[in-house]
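> below are the sequence and a predicted model; questions follow.
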Amino acid sequence: QVHLVESGGGLVQAGGSLRLSCAASGRSFSPIMGWFRQAPGKEREFVGGINWSGGNILYADDVKGRFTISRDNAKNSVFLQMNSLKPEDTAVYYCAAKLSGTWIGRNRYEYDYWGQGTQVTVSS
């Protein structure tokens, strides 16, 4: 069992920044961690993911260059730094743990454990 808790969400103006954190507990820290988001009325979508070493990081096209994922394995934590935020980034953001395989999955169904989510609201 892996327990994930996100924090750091909030309300920010367009162009601003937020840093989300995800703390993991339970079994050993997952080799693959992902960030997803879900806006009202929309499907949960991939934002980005990172492998164990941090040497492989993938981003969705619409956040590339604005968002940065990192992890601290000693603290069982993964982070999502979000810069140049846009109103369309408004969503509930989730971190997720993928226990099998060494590749970063973009499909939500590849992930085994999820946090409760944290709301990010970007005002125009």
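Sure thing, it's come through. Note that the coordinates shown come from a computational prediction; the quantities given were computed from them, not determined experimentally.

> okay, and the spatially most central residue of the chain sits in which element?
Closest residue to the average C-alpha location of the chain: Trp35 at 2.2 Å, with CA atoms, centre = their mean. Trp35 is located in strand 32-38, with elements delineated by DSSP states H and E.

> pairing partners for that strand, with directions?
Strand 32-38 has these partner strands in its sheet, going by DSSP bridges: strand 45-50 (antiparallel), strand 91-98 (antiparallel).

> restrict that strand to CA atoms and write it as PDB.
Coordinates of each C-alpha in strand 32-38 appear next as PDB, following Å, rounded to 0.1, in the frame of the first residue of the first chain:
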ATOM      1  CA  ILE A  32       7.700   6.000 -11.400                       C
ATOM      2  CA  MET A  33       5.700   9.000 -10.100                       C
ATOM      3  CA  GLY A  34       3.300  10.900 -12.200                       C
ATOM      4  CA  TRP A  35       1.300  14.100 -12.000                       C
ATOM      5  CA  PHE A  36      -2.200  14.300 -13.500                       C
ATOM      6  CA  ARG A  37      -4.900  17.000 -13.500                       C
ATOM      7  CA  GLN A  38      -8.600  17.000 -13.900                       C
END
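
> buried ones in it?
32-37 (16 or more other CB atoms under 10 Å). To be clear about C-beta, it is placed using only N, CA and C from the backbone, and glycine gets the same treatment.

> do a quick rundown of the strands in the protein.
All strands of the chain, identified by DSSP state E, fall at 2-7, 10-13, 18-26, 32-38, 45-50, 57-59, 67-72, 77-82, 91-98, 113-114, 118-123.
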